[in-house]
Structure formats: structure tokens, C-alpha cells
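1. build the 3D model from these lines:
(one chain, ligands or ions: 1)
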Amino acid sequence: MDHFQYRDGILHVEDIPLPRIAEEVGTPVYVYSRATLERHAQTFRDGLKDVPKKHLAFAIKCNPNLGVLRVLARQGYGADVVSGGELERALAAGMAAEDIVFSGVGKTRAELALGLDRGIGQFNIEHEPEGIALAEIAVQKEMTARAVLRVNPDVDAGTHAKISTGKADNKFGVGIDVAPEIFGRLAGLPGLQLRGVALHIGSQLTSLAPLEAAFERVGRLVADLRAAGHSITHVDLGGGLGVRYREGDNPPTPAEYGAMVARVTKDWDVTLMFEPGRVIAGNTGVLLTEVLWVKPGATNPFVVVDAAMNDLTRPALYDAHHDFDAVKRSGDTMTASIVGPVCETGDTFARDREIDTVAPGDLAVFRTAGAYGATMASTYNSRSLVPEVLVDGDRYAIVADRIAAKTIMAAERVPDWLD
Ligand SMILES: *Cc1c(COP(=O)(O)O)cnc(C)c1O
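-> Numbers count the residues shown, from 1 in each chain. Sure, this is the predicted structure:
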């Protein structure tokens, strides 16, 4: 069941026609579907039905909106966080401290201390000095930090280079070859309960093969660590499952992923931890925009929309594709490039693409914008920070305000000595 449907020729999110949101909230605006979020959360969990002991932590960096997080908290999801700010958000959204996993390659000592003070469930340690620092802080506080060691399994995830994280030359984790010695040294530290290992090889993975290869390597590491006398009770398999951005994309389903995981890990006897992000949130949102102008180009026209690279940065950052559909379809198509108002050629959502015919004043959406969308927005070109709306059946709420350029300007000042 898709909750983004045309009814009487007009695109709806659940029971809300998008022109109503455009009129009442303005554009550009992100619009999320609660029912879709819940369905994805449930589908991912169902996919893991053959995994006996599991923990699900939504990777909140992909969509940290408090309303979105509350929906997932009610679905029993914890949070994978990568900063102190995300940690506070997860708690504010109602996620239980013990269900929070703290990842990230550059945690500060203050952030490690915050995690201990808040009583989070697990720290994913990225390298030996971080583990030593965490142990020291925990001892000072007379606490014990539950932790796992993130390893870099050196596999090619087959995704865009900027979102690959599990190759030996990526910045994440410790090399799997040196993991046993580092684990051995950290496991002996007071203040630290080192209970397992973690990995996360990248995002928007469209094949299970690199995940399976990585999991097999980690399975051998777990056996080696146990042979060395360590107690391994938790393995964090990270996130990374891709979603469909365009026709022809065929990412593995959560059921296929879950079946592979259950098969590869069947003898591990650990609690498996998961950090899905995009697969939960990606297809739960659209970016609603208005066409400002249709401008002739050297070959095809430019459709200038009121959303820009500062609102949805994935095309500029990763050459990503987002489907573009008119909210009210005429049935005709045109070939055009879709661009935003920002003064950069990189502010291009699509080049020479066949799209619904649109004219100034028409509304349109960029699809699959629920993950790595609003959260990566900026105010570049002194544009407003894009708002977010959550739809629930026939009602909706503005779950993040549009922050006006003048509000951002109010936080700046000209020093006296420039008078
Ligand atoms: C980004 C990230 C995730 C989520 O990745 P998705 O591709 O969105 O599922 C999970 N774990 C860690 C450590 C991450 O950095």
C-alpha cells in the first residue's frame, strides 16, 4: 500500500491533497507520511523474524525530526546517534536511553561523558584511543560503559564513493586484521564492558553480496575473539540497505536481507543489532515545490523550481536521482532540466529528463526525499530553512517550522569595532 497516490488527478499524501499543504504552509516543504513510516518500520522488523535476539536502532542522522522519531519510538525503535545533539534528540523524542547506540568517528570527550550521564545502551568505539578515553571517563564517574568495537571489514560496498564506509582506506573502524589485539587491550580496561563488535559498510547498498561478505568476516572474528577467551554477546550489523529511487532500481527487500542475515549468523548466539536509516525513512517523504519559471535553454528548457540544492542536497552531493512528478498531471510530457534558484550550476536536480509538462505556478514533488533530505538542508544564499510536515490520515502537523532568513540573520552581529 502506497500512501502517495493520485486521487481525482491530484497527488495526495495519505488523505491530504498536496495543494492544501502548499497553500497553508507554503513551498518548498518536506511532507512525510506516518502510515508509510510505520509500515517500513514493521516491514524491516518482519524481515528479521528468524533472528531470535535483536535490537533495532533507527539511524537518526537520515531524518532526526522529533515527530518522525516519535513515530519510530512508538514502533519500539531505539536510535543510532552520531553526535551529542542527536543523542539529546533521541531522548527528547521518547526513545529509551538504553536503546541508544552512539556511533561516530569523532566523538568528543564531552560527548562520551554525556552518553554515560544519560545512561545510553552502547558506545560503538571507533579506535583504541577513543576506547581508552571512554574507560577513563567511566572510571572517574564510577560507571561502566557498555561498548563494542567497530571494525572495518575491507569490503567494497558497491555504492557511491562518498557513502562507502567499509573499505580499508575509509576513516571508519579498526582494520579487521588488527581488531583482535586492540580488542584484547581494551577488554582489560576498568570502566569498560567490551561485549562485541560493530560494522557498517556504507549506505544505499543495492546488493546483498558485500554485506554477506562483511558479515562472514565478522563471524570469523567473533569466533577468534571467543577462542581468545572474550565473551561476545552483541554484534552490531549497522545499516545501509538501499531504497528504490527510480524505475529499474531493485534493492534487496528487508525480507531478503533478513533471510541472509539469519542464514549467515545462525550459529553466532549473540544479540544482533541493526541501524537502518534510509530503508525506513527514504520513501516516506517528498519535497513539495512550486515551479517558478520555465526558461528557454540552449537545447531543452530549464524548469526553475522554488526548492534548491540547499533544501535537497543529494543530487549536488552524490549525483543522486529523485523522481519528479507534477502534483496535477496533464498527461503530457516535456524534456527539461530541473534547477533551483541558487547561484551554482550544481543546483541541478535533473538534466534533460522527460518529465510531466509543467508551467509556472504548478506544484511538483521530488520523491523519496524522507532520508538525507531536510536534515542536510542549509540556508545557503540566505534562503529560509525548509519546513517539514507530517501527515496522519486526514490531518497533518507542521513538525518543523520554516526558519526565515531574517531569524538566521538575527543570530549574527557586526562587532562594535567595525563601526
Ligand atoms: C549512516 C549510518 C547508518 C545508516 O545508514 P543507512 O544507509 O541510512 O541505513 C547506520 N550506522 C552508521 C554507523 C551510520 O553511520
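2. wait, a helix at Gln316?
-> Quick fix: residue 316 reads Ala, not Gln. Yes: counting by DSSP: H, G, I helix; E, B strand; the rest coil, one finds Ala316 located in a helix.
3. OK, contacts around Lys162?
-> Counting by CB atoms under 8 Å, 6 or more residues apart in numbering, Lys162 makes contact with Leu317, Tyr318. For glycine as for every other residue, the C-beta is placed from the backbone atoms N, C-alpha and C.
4. for it, what are phi and psi?
-> Note on Lys162: backbone dihedrals following degrees, to the nearest 10 are phi -80, psi -10.
5. the ligand contacts on this structure?
-> Proximity of the chain to the ligand (CB under 6 Å from any ligand atom) is limited to residues 59, 61-62, 80, 103, 200, 203, 238-241, 275-279.
6. ok, 5 Å please
-> The chain has residues Ala59, Cys62, Ser103, His200, Ser203, Gly238, Gly239, Gly240, Glu275, Pro276, Gly277, Arg278 near the ligand, with proximity defined as CB under 5 Å from any ligand atom.
7. just the ones of the residues you listed in helices?
-> Judged by DSSP state H, the subset of these located in helices is Arg278.
8. show me which pair in the residues of the chain next to the ligand is furthest apart.
-> Across the residues of the chain next to the ligand, the two members that end up farthest from each other (CB to CB) are Ser103 and Arg278, 15.2 Å apart.
9. these two: who's more crowded?
-> When neighbours are counted by other CB atoms under 10 Å, Ser103 and Arg278 differ, and Ser103 comes out ahead with 27 against 24.
10. hang on, the more buried one packs against Ser83?
-> No: if you go by CB atoms under 8 Å, Ser103 and Ser83 don't touch, sitting 9.7 Å apart.
11. strands along the stretch 251-400 of the chain, start to end?
-> In the stretch 251-400 of the chain, strands defined by DSSP state E, counting those that start in this stretch lie at 271-274, 285-295, 302-305, 324-326, 333-339, 348-356, 363-366, 388-392, 395-400, listed in chain order.
12. quick one: the following helix or strand past the last one to chain centroid distance?
-> Yep, that's strand 395-400 we're talking about. On the C-terminal side of strand 395-400, the closest following helix or strand by DSSP states H and E is helix 405-410. Taking CA atoms, centre = their mean, to the nearest Å, one finds helix 405-410 lying 28 Å from the centre of the chain it belongs to.
13. elements contacting helix 405-410?
-> With contacts defined as 3 or more CB pairs under 8 Å, 6 or more residues apart in numbering; DSSP states H and E, helix 405-410 has no packing partner among the helices and strands.
14. which other residues reach it?
-> Identification of contacts with helix 405-410 by CB under 8 Å, 6+ apart yields Thr379, Ser382, Arg383, Ser384, Leu385.
15. mind picking the two most distant members of those?
-> Every pair of those checked by CB to CB; the farthest is Ser382 and Leu385, at 10.9 Å.
16. show me which of these two is the more surrounded one.
-> More neighbours surround Leu385 than the other of Ser382 and Leu385, with 19 against 10 (other CB under 10 Å).
17. thinking that one is in contact with Ile403, fair?
-> Yes: using CB under 8 Å, Leu385 makes contact with Ile403 at a distance of 3.9 Å.
18. need the residues touching each of these two.
-> Here Leu385 and Ile403 have Thr379 as joint contacts, going by CB under 8 Å, 6+ apart.
19. so who does the closest residue to Val305 other than its chain neighbours touch?
-> Setting aside the residues directly before and after it, Val305 is nearest to Thr289 in space (CB to CB, 6 or more residues apart in numbering), at 4.4 Å. Thr289 sits next to Thr27, Pro28, Val305, Asp306, Ala307, Leu363, Ala364, Val365, Phe366 when contact means CB under 8 Å, 6+ apart.
20. and if we set it to 7 Å?
-> Thr289 is in contact with Thr27, Pro28, Val305, Asp306, Ala307, Ala364, Phe366, counting by CB atoms under 7 Å, 6 or more residues apart in numbering.
21. okay if I get those as JSON lines plus pLDDT?
-> Output for the contacts of Thr289, formatted as JSON lines (pLDDT from 0 to 100):
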{"residue": "Thr27", "pLDDT": "98"}
{"residue": "Pro28", "pLDDT": "98"}
{"residue": "Val305", "pLDDT": "98"}
{"residue": "Asp306", "pLDDT": "98"}
{"residue": "Ala307", "pLDDT": "98"}
{"residue": "Ala364", "pLDDT": "98"}
{"residue": "Phe366", "pLDDT": "98"}
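22. closest to the ligand out of those?
-> Among the contacts of Thr289, Phe366 lies closest to the ligand (CB to the nearest ligand atom), at 17.9 Å.
23. can you pull out the low-pLDDT segments for the chain?
-> Using pLDDT under 70 as the threshold, the predicted model of the chain has low-confidence ranges 1.
24. so which elements touch the top helix by length along the chain?
-> Assignment by DSSP H gives helix 209-227 as the longest helix of the chain. The elements that helix 209-227 packs onto, with contact taken as 3 or more CB pairs under 7 Å, 6 or more residues apart in numbering; DSSP states H and E, are helix 179-187, strand 192-198, helix 254-264.
25. go again using 10 Å as the cut-off
-> On a contact count with 3 or more CB pairs under 10 Å, 6 or more residues apart in numbering; DSSP states H and E, helix 209-227 meets strand 145-152, helix 179-187, strand 192-198, strand 234-236, helix 254-264.
26. Glu111 is nearest to which of the ones you listed?
-> Comparing those against Glu111 with CB to CB, the closest turns out to be strand 145-152 (12.5 Å).
27. what are the contacting residues of the helix or strand that the closest one is followed by?
-> Reading on from strand 145-152 to the C-terminus, the next helix or strand found by DSSP H and E is strand 174-175. Judged by CB atoms under 10 Å, 6 or more residues apart in numbering, the contacts made with strand 174-175 from elsewhere in the structure are 125-128, 131, 149-154, 168, 181-183, 186, 197.
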